[in-house]
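Asks: Provided below are the primary sequence and the corresponding predicted coordinates.
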Amino acid sequence: MVVEQKLEQTFNALKKTVGWTVDKRITLSLAGYYVTLEKEFDETRYQEIATHLKKRAGIFSALRSHLHPLFVATLDVSGVDSEQAVNLLMEKADALKQFGFKMNSYTYLAALMMSDQKDQWPFEMKMAHKLMDDMKGHHRFLTSTDDYPYAMFLGKMEGDTAVRAETMNRYYKELKQHKFYTGNELQWMSQVLTYSNPVYEENMVSRAVIIRNGLKSVKIKTSQAQYPIIGFMAALKLEEEQLNEVVASYESIANMKLFSWYKDSALPIAFGLSLRSSKEAYATAAISMATSLELILQAQQAIMISTIAATSVASANSGSN
């Protein structure tokens, strides 16, 4: 089945399950999430997870908010038993709370990025907290709880957190000079640019500028919502052939009737799809969760990198076989 058909089929199944009250951009993004990761949507399993999650979440919990479908989908693709997956998420969130993280939707998203091995949690939380502190040293007011997910993901990677934070700051300042708008999205982009290397790289920003300008030249929007996607393209050092593949995939998806009014949502899906054949880059496939809808941008990108964290081990193992 071609990608377009699979996207439409998955979207229709999701729409039937989550209902019309969920923003269409969320449903489109979820459809892209399943298709990119080559996961079949199972309505029964999805509903089981949703039920368990609502039972465990308080009536005012972020798990019951408009982000509820995103949490359910992430737990769904994990393949873990429905009740077990929910219980593990709640345990991780409680561990973060006990460690001193403020409780909100970003805390739960950070929890999604933690290892399933409980003995690793103290180290992961310590490193995430340290990276947050190092980032605040450069951007005191810009760095806040919405950086929890990236801090949890990047904090576990090799390299000194102080060096990574300094590199982020240098990239942030350089990007501003190339007419990237300041704000949370640019901070996330500067964080993403350290994905492959915590140490500053001279040509990293120029690579990002070339990618942005190239997308613009073919009439693809490069608004602030797309900054982290551009960042991943640069950090992964995509070659011209790969970038052309992203553009071709984008045009094919954007021309679908489903995306008539939501063409911005097609770029992250196209990017994720173009990387599926790459063992090294497969771990970034969940970038399809990112869309241009600023209201859910943070949550979707956090879920995106949670899947990067979850699949990176599997990806490495497949490469060594």
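Replies: Yes, it's here.
Asks: helix, strand or coil for His138?
Replies: coil (DSSP: H, G, I helix; E, B strand; the rest coil).
Asks: quick one: secondary structure of the nearest residue to it once chain neighbours are set aside?
Replies: Nearest residue to His138, sequence neighbours excluded (C-beta to C-beta, 6 or more residues apart in numbering): Asn169, at 3.9 Å. C-betas here are computed from N, CA, C, even on glycine. Put simply, Asn169 is helix when judged by three-state DSSP.
Asks: gap between Asn169 and Thr143?
Replies: Applying C-beta to C-beta, to the nearest Å, the value for Asn169 to Thr143 is 11 Å.
Asks: what about the residue lying closest to Gln242 once chain neighbours are set aside, how many neighbours?
Replies: Sequence neighbours aside, Ser274 is the residue nearest to Gln242 in space, at 6.3 Å (criterion: C-beta to C-beta, 6+ apart). Counted with other C-beta atoms under 10 Å, residues neighbouring Ser274 total 23.
Asks: right, and Ser274 touches Asn244 too?
Replies: No. Contact between Ser274 and Asn244 fails when scored by C-beta atoms under 8 Å: they sit 9.4 Å apart.
Asks: give me the below-cutoff pLDDT ranges for the stretch 1-150 of the chain.
Replies: 1 (pLDDT under 70).
Asks: for the helix or strand containing Leu215, the distance to its chain's centre please.
Replies: Using DSSP states H and E, Leu215 falls within helix 204-217. Centroid separation for helix 204-217 versus its chain: 21 Å, with C-alpha atoms, centre = their mean, to the nearest Å.
Asks: same thing with stretch 120-130?
Replies: 20 Å.
Asks: got a list of contacts for that stretch?
Replies: Contacts with stretch 120-130, where a contact means C-beta atoms under 8 Å, 6 or more residues apart in numbering, come from 92, 95-96, 99-101, 110, 114-115, 148, 151-152, 155-156, 161.
Asks: can you flag the buried ones in these?
Replies: Buried subset of the contacts of stretch 120-130 (neighbour count, 16 or more other C-beta atoms under 10 Å): 92, 95-96, 101, 110, 114, 148, 151-152, 155-156, 161.
Asks: next step: these restricted to strands.
Replies: Using DSSP state E, no member of these sits in strands.
Asks: which two among the residues you listed are spaced furthest apart?
Replies: Taking every pair in the buried ones among the contacts of stretch 120-130 and measuring C-beta to C-beta, the maximum separation is 20.5 Å, between Lys92 and Thr161.
Asks: before we move on, the earlier item: give me the more crowded residue out of Asn169 and Thr143.
Replies: Thr143 (21 against 18).
Asks: residues touching that one, list them.
Replies: Counting by C-beta under 8 Å, 6+ apart, Thr143 touches 132, 135-136, 187.
Asks: now do 10 Å
Replies: 131-137, 151, 165, 168, 184, 187 (C-beta atoms under 10 Å, 6 or more residues apart in numbering).
Asks: from memory Thr145 sits against Phe101, does it?
Replies: Yes. If you go by C-beta atoms under 10 Å, Thr145 and Phe101 touch, sitting 7.9 Å apart.
Asks: which neighbours do the two share?
Replies: Here Thr145 and Phe101 have 107, 110, 132, 151 as joint contacts, going by C-beta under 10 Å, 6+ apart.
Asks: so the second one sits right up against Leu131, yeah?
Replies: Yep, that's Ala110 we're talking about. No. Counting by C-beta under 10 Å, Ala110 stays clear of Leu131, with 11.5 Å between them.
Asks: mutual contacts of these two, please.
Replies: Common contact partners of Ala110 and Leu131 (C-beta under 10 Å, 6+ apart): 147, 150-153, 155.
Asks: so which of those residues sit within helices?
Replies: When DSSP state H is applied, those are split such that 150-153, 155 fall in helices.
Asks: tabulate those in CSV, adding columns for distance to Ser206.
Replies: Shown next, in CSV, are those (distance: C-beta to C-beta, whole Å):
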residue, distance to Ser206
Tyr150, 23
Ala151, 27
Met152, 29
Phe153, 25
Gly155, 27
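Asks: so which of these would you say is closest to Phe60?
Replies: Comparing those against Phe60 with C-beta to C-beta picks out Met152 as the nearest, at 23.5 Å.
Asks: now do the contacts for that closest one.
Replies: By C-beta under 10 Å, 6+ apart, the contact list for Met152 reads 92, 96, 101, 106-107, 109-114, 124-125, 127-129, 131-132, 302, 305-306, 309.
Asks: that one and Ser105: what is the separation?
Replies: Distance, Met152 to Ser105, by C-beta to C-beta: 14 Å.
Asks: Val247 too?
Replies: Distance from Val247 to Ser105, by C-beta to C-beta: 33 Å.
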